[in-house]
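A.B. asks: dropping the sequence and predicted coords here.
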Amino acid sequence: MFEKVLIANRGEIALRINRACREMGILTVAVHSTADLNAMHVRLADESVCIGPPSARDSYLNIPALISAATITGADAIHPGYGFLSENADFAEIVESHGFAFIGPSPKHIRMMGDKIAAKQTMRNLGVPLVPGSDGALEGLDQARQVAEAIGYPVLVKAAAGGGGRGMKVAENPAALEDAFRIARAEARAAFGDDAVYMEKYLDNPRHIELQVLADNLGSVVHFGERDCSLQRRHQKLVEEAGSPALNRAERDELGARATAALAKIGYRNAGTLEFLYQDGQFAFIEMNTRLQVEHPVTEMVCNVDLVREQIRIAAGSPLGYGQDEIRFEGHAIECRVTAEDPRSFIPTPGRVAAYHAPGGLGVRVDSALYSGYAVPPYYDSLVAKLVVHGPSREAALMRLRRALDEFVIDGLTTTLPLHRQIAAAADFVNGDYTIHWLEQFVSGGGGRSGG
Ligand code: ADP
């Protein structure tokens with residue numbers, strides 16, 4: 001087992017990884033920018049190294065600084081968390097070539113799935129159903145028109161290197177296609193330095209359902225069921241639950257069996273998430289994330305598993321040690337992503353936390369790096385806390401969610417807590433009756449007005 005792990009991240013996920021390491025008796029090294037000197041992830045790690053100025057490009061994305069930090073502290077392994085370098089195959093390769101273990105999938109699989117076109121082709125060859133669309137990258141507007149005519153409008157132009165909902169544009173009809181194509185390309189070039197785009201049919205009412213998998217280095221692949229992440233704004237997840245209110249046990253088992261068989265065939269290892277759109281009883285693969293997801297805690301609560309601990313064990317060469325039939329699903333879990341954003345406009349609202357009180361009690365988990373007096377810096381992602389509740393049933397989890405949201409105090413900072421309180425009380429959410437378009441309609445219809 002590793003003796004020391006460097007955590008190449010910040011905020012709540014750095015804390016999350018720190019927790020798993022300490023419970024395994026592994027020492028930790030935090031890295032931080034000059035803006036994060038007083039951050040909780042720095043305080044709670046065994047050691048810390050400053051890796052650069054505030055801008056992420058010069059600090060959390062600074063590969064030479066990270067490798068130097070791992071070298072001087074004598075770390076054995078690096079955990080990338082999510083975001084930043086977590087899906088950068090070159091980084092994983094550099095980490096390994098310097099003699100450190102990368103706590104994640106192989107560079108080959110990160111590269112394969114990072115190109116969404118290649119990922120879709122791989123999955124299609126493995127017999128996984130896809131959303132209808134172009135076979136590969138679109139070469140130009142003429143080809144885009146042909147594909148759109150063939151699959152039918154509305155269509156979605158998507159960046160091959162996409163992530164975070166960027167480089168994605170809907171065209172409702174032929175007249176809108178030229179703009180969608182041009183804007184998606186320009187956004188993709190600006191955000192990812194790669195303007196390759198492809199096309200999918202724009203599904204009118206799908207749910208976003210994803211499957212958590214783990215694979216060891218010896219060929220065992222298991223899944224931990226699904227998460228429903230349909231509550232989104234601008235294609236970004238806001239609330240997630242495990243399991244999905246729309247899925248039954250048989251559907252979960254079938255999806256899981258197909259996905260794990262596909263991943264076993266390509267020799268996948270460590271954690272991963274397969275994302276699907278689900279509409280009219282059909283699953284269609286959209287992408288695979290080769291890392292830990294923000295929303296992994298809902299799965300942990302339902303399956304009683306520590307996914308980060310599992311990632312570390314696998315990276316150290318340990319076998320999974322259990323099979324699919326030993327994985328149990330108990331009760332229901334819901335996560336709210338609380339961000340430092342205006343709950344109506346979603347404009348970031350960095351600032352100082354005047355008073356902080358996290359909810360507690362049975363079945364309540366808060367993953368956050370906030371504390372009273374902490375100043376949320378303007379340079380990074382606006383996620384400030386994940387409130388996760390678990391209950392014996394979805395109804396019980398909802399009751400617990402509402403009371404935990406009522407207990408949560410974050411003063412001095414504008415957050416999305418009021419919106420979460422309104423969502424938790426909304427009849428459609430309570431009934432599990434929502435798709436990926438529900439939240440934007442709810443917010444624009446006034447449901448998201450603050451004060452609730
Ligand atoms: P990213 O990697 O940028 O997050 P994804 O491909 O994972 O992009 O899609 C993000 C979200 O965008 C999905 O969860 C879904 O809400 C929406 N989306 C993606 N593809 C489609 C599609 N073909 N039809 C309708 N909505 C889609």
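C.D. replies: Thanks, I have it.

A.B. asks: how is the protein divided into domains?
C.D. replies: 4-81, 132-201, 207-444 (automatic domain parsing).

A.B. asks: tell me which of the ones you listed sits nearest to Met113.
C.D. replies: The minimum distance between Met113 and those falls on domain 207-444, with 4.3 Å, by CB to CB. For glycine as for every other residue, the C-beta is placed from the backbone atoms N, C-alpha and C.

A.B. asks: so how far does the closest one reach from one end to the other?
C.D. replies: Its first and final residues considered, domain 207-444 spans 20 Å by CA to CA, to the nearest Å.

A.B. asks: pLDDT of that domain, averaged?
C.D. replies: Average pLDDT, domain 207-444: 97.

A.B. asks: quick revisit: make TSV out of the domains of the chain and add mean neighbour count.
C.D. replies: Output for these, formatted as TSV (neighbours: other CB atoms under 10 Å):
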stretch	mean neighbour count
domain 4-81	21
domain 132-201	18
domain 207-444	19
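
A.B. asks: centre of the chain to stretch 427-445, how far?
C.D. replies: 21 Å (CA atoms, centre = their mean, to the nearest Å).

A.B. asks: which residues does it contact?
C.D. replies: Stretch 427-445 is contacted from outside by 204-208, 230-235, 238-239, 245-246, 277, 279, 344, 394, 398, 419, 422-423, 426, 448, using CB atoms under 8 Å, 6 or more residues apart in numbering.

A.B. asks: quick revisit: would you turn the domains of the chain into TSV with distance to Asn88?
C.D. replies: Conversion of the domains of the chain to TSV gives the following (distance: least, CB to CB, whole Å):
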stretch	distance to Asn88
domain 4-81	8
domain 132-201	11
domain 207-444	10
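
A.B. asks: looking at the ones you listed, spot the one closest to Ile110.
C.D. replies: Nearest to Ile110, of all these, is domain 207-444, at 4.7 Å by CB to CB.

A.B. asks: who are the contact partners of the residue positioned nearest the centre of the chain?
C.D. replies: Compute the mean C-alpha point of the chain, and by CA atoms, centre = their mean the closest residue is Gln293, 3.4 Å away. Shown in contact with Gln293 (CB under 8 Å, 6+ apart): Tyr82, Glu210, Gln212, Arg227, Thr273.

A.B. asks: what helix or strand is the third one on?
C.D. replies: Gln212 is part of strand 207-215 when elements are defined by DSSP states H and E.

A.B. asks: so the helix or strand following that strand, near the ligand or not?
C.D. replies: Using DSSP H and E, the helix or strand that follows strand 207-215 in sequence is strand 221-233. Yes. Interface with the ligand: strand 221-233 contributes Gln232 (CB under 6 Å from any ligand atom).

A.B. asks: ok but Arg57 is inside a helix, no?
C.D. replies: Yes. Under DSSP: H, G, I helix; E, B strand; the rest coil, Arg57 falls within a helix.

A.B. asks: list the contacts for Thr416?
C.D. replies: Leu238, Arg337, Val338, Thr339, Glu341, Pro343, Phe346.

A.B. asks: and the second one, that's in a strand?
C.D. replies: In other words, Arg337. Yes. Secondary structure of Arg337 (three-state DSSP): part of a strand.
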